[in-house]
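[1] got a predicted structure here, sequence first:
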Amino acid sequence: MEVSVGRDGASNTANTAQSERSSKRIDVKVIAVSTVGNALEWFDFTVFTFFAANIARQFFPSDNPTAALLAAWTTFGVGFLTRPLGGIVLGAYADKHGRKAALLLTITVMALGVAVIAFAPTYAQIGMAAPVLMLIGRFLQGFSAGGEVGSATAFLVEHAPVERRGVYGSFQMIAQACSMLLGAIVSVGITQTLTPEQIDAFGWRIPFVIGLLIVPVGLYVRSRLDESPVFKDARKQDAEKRSPFIESVTQHWRQVLAGFGLTVYGTIGTYIFYYYMPSYATKSLGIPFKSSVIASLCAAVAYIVGTFASGRISDAIGRKKPMTASALISLIIAYPLFLAVSHVPTLPMLIFVQCCLMLSLGLFQGSYCAFVCELFPSRVRATSMAIGYNFAVMIFGGFAGAIATLLIGWTGDKLAVVYYGLFGAAVGLVTILMLKDRSRQPLL
């Protein structure tokens, strides 16, 4: 039985504008503007995970290496804690002043955060000010990333013709996967080229500097593109000043909860099936770290393929079908695949397992952005989406590694990590089944 969330009346002007924009041509500029910030965020996320131990030695010196690494990961986690705040503040800014203005602001703040991390002096140079700077850098990154997701996704989907919203929205997740892939390649290249001493001294900074190089391009293209036509039409129709946050949590809280539930599956799947797998394969299965990295690179490619295919499929037959199929497939195959790789801990088996899991996840994620955007009216779209998304990422993504590790420790079962993945798939399935598919309807 489907439950349709409450919505306001459609705007005839917006409907007409969307019809006029119908085209088979994909607007590369719109995609580039919308995904550049997300790409930078996930690139930095990936390289931080690779060089966490090096950062720990430089900024959190301790006689206990584990304590230093824990401090580094705690600092990293600050970025997750500040995401909801950024989503509320910057999402409201986007809903009041426009997607374009918000996107220029988010990438600027994001660049400041990356620059602080890339160029911060070490503990040996400035003492306790060094870890404080690292905290500030992660705070700025998390804050900007929280605002980026709602603003950028709204901008992307609102520019899309009604019959192409799935494809357009899928590029937000494709950019994420490409950045994960590029971050892993750059990190592996650095570890293979430089000595451990050189990596500690300066090598770990190189990927962050590379990430900064994209900022001027991002600022330029974002400043040149027009505002979202759906947002402009909606603002003409509704000139009344409101608080996007208050309206989101009082009038659209059901949709916000729906966005939260859908994000739980995507978040847990990404962190467990992709980010946690190298650590799991190395520590629990005894597979060499280099082999686990190769498997993750292959899995990222599978994720890209599944995500793009999902966007195309959702435009043809609706969002619910590929998203429901994805959650069901994950519930069916996750445990047997983890069981198989635990019995045959080889590189080919690990590649097969990760690729299957990420291909299935991509089938959900490729439809996700368009589906969530279609839940909300334009005047609160960026704020509402950001609230549900960022709280889910903070809770279920920021603590994914810790939860997985605790599950294995408590149960003594190295397959216990899969239960967390199954939980995410179950939440995603229940949520999607309760919602109405609005893929063929114009945005409000």
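    Perfect, I can see it now.

[2] where's the nearest residue to residue 262 once chain neighbours are set aside, which helix or strand?
    The spatial neighbour of residue 262 that comes closest, neighbours along the chain excluded (Cβ to Cβ, 6 or more residues apart in numbering), is residue 431 at 5.3 Å. For every residue, glycine as well, the C-beta is placed using N, CA and C. Assessed by DSSP states H and E, residue 431 sits inside helix 417-433.

[3] packing partners of that helix?
    On a contact count with 3 or more Cβ pairs under 8 Å, 6 or more residues apart in numbering; DSSP states H and E, helix 417-433 meets helix 253-270, helix 320-343, helix 400-411.

[4] so which bits of it are buried?
    417-425, 427-429, 431-432 (16 or more other Cβ atoms under 10 Å).

[5] related to what we said a few turns ago, so who does the residue nearest to residue 262 touch?
    By Cβ atoms under 8 Å, 6 or more residues apart in numbering, the contact list for residue 431 reads 258, 261-262, 264-265.

[6] how about CSV for those, with neighbour count added?
    Output for the contacts of residue 431, formatted as CSV (neighbours: other Cβ atoms under 10 Å):
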residue, neighbour count
258, 23
261, 19
262, 27
264, 24
265, 30
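
[7] helix or strand right after the longest helix along the chain?
    Of all the elements of type helix in the chain, the one with the most residues (DSSP state H) is helix 129-159. Note on helix 129-159: by DSSP H and E, the next helix or strand toward the C-terminus is helix 165-193.

[8] quick one: mean pLDDT over that next one.
    The average of the pLDDT scores along helix 165-193 is 89.

[9] got the angle for that helix vs helix 253-270?
    Angle of helix 165-193 versus helix 253-270, following axes from the mean of the first three to the mean of the last three Cα atoms, to 10 degrees, is 30 degrees.

[10] which strands and helices sit next to helix 165-193?
    So helix 165-193, by 3+ Cβ pairs under 8 Å, 6+ apart, packs with helix 28-50, helix 129-159, helix 206-212, helix 289-317, helix 347-373.

[11] same thing but at 6 Å, please
    Of the remaining helices and strands, those touching helix 165-193 by 3 or more Cβ pairs under 6 Å, 6 or more residues apart in numbering; DSSP states H and E are helix 28-50, helix 129-159, helix 289-317, helix 347-373.

[12] buried residues in the shortest one?
    For helix 28-50, the buried set under the neighbour-count rule, 16+ other Cβ under 10 Å, comprises 30-50.

[13] what sits against the nearest residue to residue 234 once chain neighbours are set aside?
    Ranked by Cβ to Cβ, 6+ apart and with sequence neighbours excluded, the top spatial neighbour of residue 234 is residue 378, at 3.7 Å. When the contact criterion is Cβ atoms under 6 Å, 6 or more residues apart in numbering, the partners of residue 378 are 230-231, 234.

[14] among the residues you listed, who's most crowded?
    Within the contacts of residue 378, most neighbours by other Cβ atoms under 10 Å means residue 230, with 29 neighbours.

[15] quick one: what helix or strand has that residue in it?
    Secondary structure assignment for residue 230, by DSSP H and E: helix 229-237.

[16] between that helix and helix 347-373, how big is the angle?
    Computed by the same axes, to 10 degrees, the angle between helix 229-237 and helix 347-373 is 20 degrees.

[17] got the angle for helix 229-237 vs helix 129-159?
    Here the directions of helix 229-237 and helix 129-159 differ by 80 degrees (the same axes, to 10 degrees).

[18] helix 229-237: what's the following helix or strand?
    helix 244-251.

[19] hmm, who's touching that next one?
    Contacts to helix 244-251, defined as Cβ under 6 Å, 6+ apart, come from residues 88, 92, 95, 256, 380, 383-384, 387.

[20] in the protein, which residue is closest to the centre?
    Centrality entry for the chain: nearest residue to the mean C-alpha point is residue 176, 6.4 Å, by Cα atoms, centre = their mean.

[21] what's residue 276 sitting at in phi/psi?
    Taking degrees, to the nearest 10, you get phi -80, psi -20 for the backbone angles of residue 276.

[22] and it, what is it in contact with?
    Applying Cβ under 6 Å, 6+ apart, one finds that residue 276 lies in contact with 401, 404.

[23] mind pulling the model confidence for residue 412?
    At residue 412, pLDDT is 82.

[24] and the gap between it and residue 400?
    From residue 412 across to residue 400, the span is 20 Å (Cβ to Cβ, to the nearest Å).

[25] follow-up on the earlier one: so what does the longest helix of the chain touch, helix or strand wise?
    helix 28-50, helix 52-59, helix 65-81, helix 83-97, helix 99-119, helix 165-193, helix 347-373, helix 381-392.

[26] sorry, back to before: got JSON lines for the helices and strands packed on helix 417-433, with distance to residue 169 too?
    Below are the helices and strands packed on helix 417-433 laid out as JSON lines (distance: least, Cβ to Cβ, whole Å):
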{"stretch": "helix 253-270", "distance to residue 169": "13"}
{"stretch": "helix 320-343", "distance to residue 169": "12"}
{"stretch": "helix 400-411", "distance to residue 169": "24"}
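
[27] out of those helices, which one sits most buried?
    helix 253-270 (a mean of 23; mean count of other Cβ atoms under 10 Å).

[28] could you give the angle of that one to helix 400-411?
    Here helix 253-270 points in a direction 70 degrees away from that of helix 400-411 (the same axes, to 10 degrees).

[29] what mean pLDDT does helix 253-270 have?
    Helix 253-270 shows a mean pLDDT of 94.

[30] I'd like the helices and strands packed on helix 129-159 as CSV, with distance to residue 242 appended.
    Shown next, in CSV, are those (distance: least, Cβ to Cβ, whole Å):
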stretch, distance to residue 242
helix 28-50, 25
helix 52-59, 42
helix 65-81, 28
helix 83-97, 9
helix 99-119, 16
helix 165-193, 25
helix 347-373, 19
helix 381-392, 10
